[in-house]
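1. how does the following fold in three dimensions:
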Amino acid sequence: MADLTPAEELARAVDIRLPNESPEYRAARTALLAAEIELRRQIERVAAQRRALPPGGMVPDGYRFIDENGDEVGLVDMFGPHDTLITYHWMFGPKRVRPCPMCTSFLGGLAAATDDLTQKVAVAVIGGSPIERQIAFKLERGWGAMPLYQPTSDAFFQAYGGLAPDGSDIPALNVFERSDAGVRHFYAGEMTGETADPGQDPRGAPDLPLIWTLFDLTRRGRDPNWYPSLSYPG
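-> Model (predicted):
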């Protein structure tokens with residue numbers, strides 16, 4: 001990204017004025033625009049750094065899952081025609097009466113984007129509960145084509161995230177790649193509570209759930225005392 005026009009120069013060149021805005025607002029907004037341009041560039045730098053990761057570890061071929069048809073499949077089967085597979089472990093373990101509201105909120109957006117995503121990559125959502133329970137909740141939420149799987153053992157979660165040391169379920173995002181040599185791990189979200197800055201929740205970067213990105217566009221921002229719910233009154 002060499003020889004880029006300075007962000008401040010790009011921001012000053014933007015000729016946008018909104019009704020009844022003050023000079024103070026416009027000056028502050030132009031400064032913010034420059035910061036947003038720099039943020040966009042940083043996001044691209046991080047994405048390029050992620051894409052340049054060396055090959056990850058080979059994935060053992062013994063992991064087995066139950067798909068929505070009740071058939072037993074391997075991880076390689078989840079790729080379909082693609083060479084890339086994105087998996088998300090949602091917190092709906094067998095001991096849970098209902099799934100995690102935060103996972104549910106995220107998966108609502110993922111379900112809406114599944115038809116678009118699967119033009120380029122494969123998507124698999126993996127939960128610890130029996131596949132029948134997962135399907136029932138999927139139908140309740142109207143999640144459409146987003147594919148669900150149940151592992152036949154805890155081995156996959158133990159290797160690639162999904163189980164805390166005490167055995168409770170935790171969310172886990174992984175990306176795998178397939179080639180003639182087999183399946184390799186490419187990327188995993190690794191931000192945990194230990195990586196959180198003071199006063200922040202242990203979110204990743206960039207945020208996957210759309211709700212937080214939109215809250216960040218408002219004056220109040222994120223409410224540290226608010227958490228998604230499976231249902232809302234009215």
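
2. just name the shakiest helix or strand of this protein by mean pLDDT.
-> Across the helices and strands of the chain, mean pLDDT, DSSP states H and E gives its lowest value to helix 210-215, namely a mean of 86.

3. buried stuff in it?
-> 211-212 (16 or more other Cβ atoms under 10 Å). (C-beta placed from N, C-alpha, C; glycine too.)

4. who's in contact with it?
-> Helix 210-215 is contacted by residues 105, 109, 203, 206-207, 221-223, 228 when judged by Cβ atoms under 8 Å, 6 or more residues apart in numbering.

5. again with stretch 27-41
-> Residues contacting stretch 27-41 (Cβ under 8 Å, 6+ apart): 1, 4, 7-8, 10-12, 14, 21.

6. before we move on, what about stretch 165-173?
-> Residues from elsewhere that reach stretch 165-173 (Cβ under 8 Å, 6+ apart): 86-93, 96, 100, 102-103, 128, 157, 160-164, 188-189, 204, 208.

7. span of that stretch from start to end?
-> Distance across stretch 165-173, first residue to last, is 17 Å (Cα to Cα, to the nearest Å).

8. and it, how far from the chain's centre?
-> 16 Å (Cα atoms, centre = their mean, to the nearest Å).

9. with stretch 210-221 instead?
-> Chain-centre distance of stretch 210-221: 17 Å, with Cα atoms, centre = their mean.

10. that stretch spans what distance, first to last residue?
-> The first and last residues of stretch 210-221 sit 13 Å apart, counting by Cα to Cα.

11. buried set for stretch 79-93?
-> By neighbour count on 16+ other Cβ under 10 Å, the buried set for stretch 79-93 is 79, 82, 85-93.

12. in those, find the pair that's most separated.
-> Using Cβ to Cβ, the two most remote members of the buried residues of stretch 79-93 are 82 and 93, lying 27.9 Å apart.

13. tell me how many other residues crowd the closest residue to residue 188 other than its chain neighbours.
-> Distance criterion Cβ to Cβ, 6 or more residues apart in numbering; nearest residue to residue 188, sequence neighbours excluded, is residue 174 at 4.9 Å. The criterion is other Cβ atoms under 10 Å. On that basis, residue 174 has 23 neighbouring residues.

14. narrow the contacts of stretch 165-173 to those in strands?
-> The strands, defined by DSSP state E, take in 86-90, 188 from those.

15. right, I'll call it a day here.
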